[in-house]
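Quick one, what's the 3D model for this:
(one chain, ligands or ions: 3)
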Amino acid sequence: MANVTQFSREEIEKIYNQPLLELVFQAAQVHREHQDSRKIQCATLLSVKTGGCAEDCGYCSQSAHHKPGKVKSKLIGLEEVKIAAKEAREAGSDRLCIGAAWRSFRNDKDLQSVKAMIRAIKDEGLESCATMGMLTQKQADELKEAGLDYYNHNLDTSPEYYSKVITTRTYQDRLDTLEAVRNADMKICSGGILGLGEEQSDRIGLLEQLANLEPQPESVPINVLVPIKDTPLANVTPIDWVELVRAVATARILMPKSWVRMSAGREKLSEEAQAMCFMAGANSVFSGDRLLTTDNNKPDSDKILFQKLGLSKLEQNRPRNANLNTVESVEPPASQTPLSPISAPAQLIQIGKKQSQEISEDAHAYLG
Ligand code: SAM
Ligand code: DTB
Ligand code: SF4
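Numbers count the residues shown, from 1 in each chain. Ligands and ions are numbered 1, 2, ... in the order given. I've put the predicted structure just below:
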């Protein structure tokens, strides 16, 4: 069903700019209404082709336009993916996301190799995600046919700021690929990066774009810039953690049923800032000590943090070597009975009264 609710930028601004603790409280309530707030979904990343990318994304270590990205690897072999999938599963992840530094698929051979990788991930009983640049409808359909559950393609920032960061493609190119993913009946993983030198209004503009996608993305990764030496954004002033918490909380309120994932940049956050993000409704992380080309939190430190906070990994426990046709992709536990129900205050912030799809109806009913 189409989502006819349009969250306006003004409505989102009002939510985003509340006193921080009110915002976090509100997001925590929405979280408990729609999700099991004690569970954290864990995804593992694997770079299957690194560097040499034709795009010029100003933040990226893999762009051939910047010094660090000039060296490129070949597409790794299927066996490596099988090993990574097994390790990811054993480490408690339930999704493996494979990433390739491509503007788009170069040829059919690469597409067929990636399809084999997707099948191997599914055979391990994991959810599959891929991020490989732009897709045509035919490519999206083929990936779906191979068993791909999610396609990651970030909008990254607001439409207005986009060309300050990337010049080799447009915002509309991104939206077109997301549409192809949807048309292929795959789930969308789409989010952005904070700390690109953007204004607060750009962060709000990003959230506006994501929340108004029809339907909303099932996964919303929120990255904080990991500065890469010798890239155009290497020396941008780091973002305050409070802005991250505001973005996470606002994402949770606007997209109550999505996985809101603390993605790149988590390694530099204190335990306290991470705890605040979980309080604000983040319910997914990348686990494993590497992202694509940069470091991630050590599994031991995550274990300690989760123990301190009383959080546990979701671990959806699907059978290994599951038959592709019978494994259902598990949705966020939307209809779960809240663990510690907190009654909603009669009136929080008015964010619009227009008709919407179920997701947005919930948010509006709750908030309006
Ligand atoms: N090439 C594909 C694409 O751009 O869609 C997929 C790979 S790309 C590395 C995936 C996402 O990682 C980007 O859209 C961006 O949001 C994030 N990312 C890349 N480099 C980053 C960095 N240095 N710091 C934070 N996030 C980063
Ligand atoms: C996303 O939003 N973040 C992940 C995943 N999707 C593919 C990638 C983060 C990359 C961080 C920089 C690096 O390791 O190269
Ligand atoms: Fe990096 Fe992806 Fe941009 Fe290529 S398209 S430069 S891999 S972020």
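
buried sites along stretch 272-287?
Buried residues in stretch 272-287, defined by neighbour count with 16 or more other Cβ atoms under 10 Å: 273-287. (C-beta placed from N, C-alpha, C; glycine too.)

Kindly report the residues of this structure close to ligand 1.
59-60, 99, 101, 131, 133, 153-154, 156, 193, 223, 225-226, 228, 264-265, 292 (Cβ under 6 Å from any ligand atom).

pLDDT weak spots in this protein?
1-5, 316-368 (pLDDT under 70).

wait, doesn't residue 24 sit right on residue 242?
No: between residue 24 and residue 242 there is no contact under Cβ atoms under 8 Å: 10.3 Å.

The two: who's more crowded?
Neighbour comparison, residue 24 and residue 242: the larger count goes to residue 24, with 21 against 11 (by other Cβ atoms under 10 Å).

wait, what's in contact with that one?
With contact taken as Cβ atoms under 8 Å, 6 or more residues apart in numbering, residue 24 is in contact with 245, 249, 276, 279, 280.

residue contacts, the closest residue to ligand 3 within the stretch 201-350 of the chain?
Minimum separation of the stretch 201-350 of the chain from ligand 3 (Cβ to the nearest ligand atom) falls at residue 292, amounting to 7.9 Å. Residue 292 is in contact with 45, 47, 50, 62, 99, counting by Cβ under 8 Å, 6+ apart.

Including neighbour count and secondary structure, could these go into TSV?
What follows is the contacts of residue 292, written out as TSV (neighbours: other Cβ atoms under 10 Å; DSSP: H, G, I helix; E, B strand; the rest coil):
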residue	neighbour count	secondary structure
45	25	strand
47	20	strand
50	20	coil
62	27	coil
99	21	strand
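
which one of those residues is nearest residue 238?
Of all these, residue 238 sits closest to residue 62, with 21.1 Å by Cβ to Cβ.

where along the stretch 151-300 of the chain do the helices fall?
Applying DSSP state H, counting those that start in this stretch to the stretch 151-300 of the chain gives helices spanning 162-165, 171-183, 200-211, 241-254, 271-279, 299-309.

for ligand 3, what are the nearby residues on the protein?
Residues of the chain lying near ligand 3 (Cβ under 6 Å from any ligand atom): 53, 55, 57, 60, 62, 63, 101, 133.

Now residue 280: closest residue in space, sequence neighbours ignored.
Excluding the flanking residues, the one nearest residue 280 by Cβ to Cβ, 6 or more residues apart in numbering is residue 249, at 3.8 Å.

just checking, the one you found touches residue 23?
Yes: with contacts counted by Cβ under 8 Å, residue 249 reaches residue 23, the gap being 4.8 Å.

Of those two, give the one with the bigger neighbour count.
For residue 249 versus residue 23, neighbours defined as other Cβ under 10 Å are more numerous around residue 249 (30 against 22).

quick one: the more buried one from residue 256, how far?
Per Cβ to Cβ, to the nearest Å, residue 249 is found 12 Å from residue 256.

ditto for residue 179
Going from residue 179 to residue 256 by Cβ to Cβ gives 23 Å.

And residue 42, by the same measure?
Applying Cβ to Cβ to residue 42 and residue 256 gives a distance of 21 Å.

Counting neighbours, what do you get for the residue nearest to residue 308 when sequence neighbours are not counted?
Excluding the flanking residues, the one nearest residue 308 by Cβ to Cβ, 6+ apart is residue 271, at 7.3 Å. Look at residue 271: counted by other Cβ under 10 Å, it has 12 neighbours.

I'd assumed residue 306 was in contact with residue 271.
No: look at residue 271 against residue 306 with Cβ under 8 Å: they stay out of range, at 10.6 Å.

which residues does the spatially most central residue of the chain form a beta bridge with?
Per Cα atoms, centre = their mean, the C-alpha nearest to the average position across the chain is that of residue 221, at 2.2 Å. When assigned by DSSP bridges, residue 221 has beta-bridge partners residue 261.

That one: what's it in contact with?
Taking Cβ under 8 Å, 6+ apart as the contact definition, residue 221 lies against 152, 154, 189, 190, 191, 192, 261, 263.

By neighbours, which of those wins?
residue 189 (29 neighbours).

just checking, that one touches residue 149?
No: checked against Cβ under 8 Å, the pair residue 189 and residue 149 is beyond contact range at 9.4 Å.

Ligand 2 contacts on the stretch 51-200 of the chain?
61, 97, 99, 131, 152, 154, 191.

How about the last one: what's its closest non-neighbour residue?
Meaning residue 191. Residue 191's closest residue in space is residue 221 (Cβ to Cβ, 6+ apart), at 3.9 Å.

The second one too?
Using Cβ to Cβ, 6+ apart and skipping the chain neighbours, the partner closest in space to residue 97 is residue 129 (3.8 Å).

Pairing partners for the host helix or strand of that neighbour, with directions?
Per DSSP states H and E: residue 129 is located in strand 127-131. According to DSSP bridges, strand 127-131 forms sheet pairs with strand 95-100 (parallel), strand 150-152 (parallel).

continuing past the first one, what's the next helix or strand?
Read that as strand 95-100. With elements assigned by DSSP H and E, the helix or strand that comes after strand 95-100 is helix 108-123.

List the buried residues in that following helix.
Residues 110, 111, 113, 114, 115, 117, 118, 119, 120, 121, 122, 123 are the ones in helix 108-123 that count as buried (16+ other Cβ under 10 Å).
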